[in-house]
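# sequence? don't have it. structure:
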């Protein structure tokens with residue numbers, strides 16, 4: 001399952017990136033995201049906000065897996 005999070009390019013376009021592929025985040029002062037693929041993009045969210053979104057998404061996935069493995073619906 002891909003770990004997609006939403007971020008906003010500096011031109012206002014919303015995109016989704018795979019948080020598992022984030023290699024580095026730099027405040028330059030805009031946030032520069034570098035993926036393990038070598039692709040780089042500037043986003044309007046702060047470094048802390050991108051990290052918080054990645055953590056929140058991973059937490060939701062982990063909670064769903066735990067619920068599913070304990071016999072819940074997993075949804």
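Received, thanks. Since the structure is predicted, the reported quantities are computational estimates derived from the model, not experimental observations. Numbering: from 1, shown residues only.

# you'd agree residue 37 is in a helix?
No - looking at residue 37 with DSSP: H, G, I helix; E, B strand; the rest coil, it is coil, so not inside a helix.

# so what pLDDT did it get?
Listed pLDDT for residue 37 reads 97.

# My guess is it contacts residue 18. True?
No - contact criterion Cβ atoms under 8 Å: residue 37 and residue 18 do not qualify, at 9.3 Å. Where C-beta positions appear, they are placed from N, C-alpha and C, glycine not excepted.

# Quick one: end-to-end distance for stretch 23-36.
For stretch 23-36, the first-to-last residue distance is 5 Å (Cα to Cα, to the nearest Å).

# How far away from the center of its chain is that stretch?
Here the centre of stretch 23-36 is set off from its chain's centre by 12 Å, with Cα atoms, centre = their mean, to the nearest Å.

# re the thing from before, more crowded one of residue 37 and residue 18?
Shown here are residue 37 and residue 18; by other Cβ atoms under 10 Å, residue 18 has more neighbours (14 against 9).

# circling back: list residues touching both of residue 37 and residue 18?
Residues touching both residue 37 and residue 18 by Cβ atoms under 8 Å, 6 or more residues apart in numbering: none at all.

# For stretch 14-21, buried residues please.
Residues of stretch 14-21 classed as buried by neighbour count (16 or more other Cβ atoms under 10 Å): 17, 19.

# what's the closest non-adjacent residue to residue 53?
Counting by Cβ to Cβ, 6 or more residues apart in numbering, residue 53 lies nearest to residue 5, which is 4.4 Å off, once chain neighbours are set aside.

# pretty sure that neighbour contacts residue 20?
No - the pair residue 5 and residue 20 fails to qualify as a contact (Cβ under 8 Å) at a distance of 10.0 Å.

# Identify each of the helices in this protein and give its residue range.
With DSSP state H as the criterion, the chain has helices at 47-69.

# Flag the shaky bits of it, pLDDT-wise.
Applying pLDDT under 70 to the chain flags the ranges 1-2, 64, 72-75.
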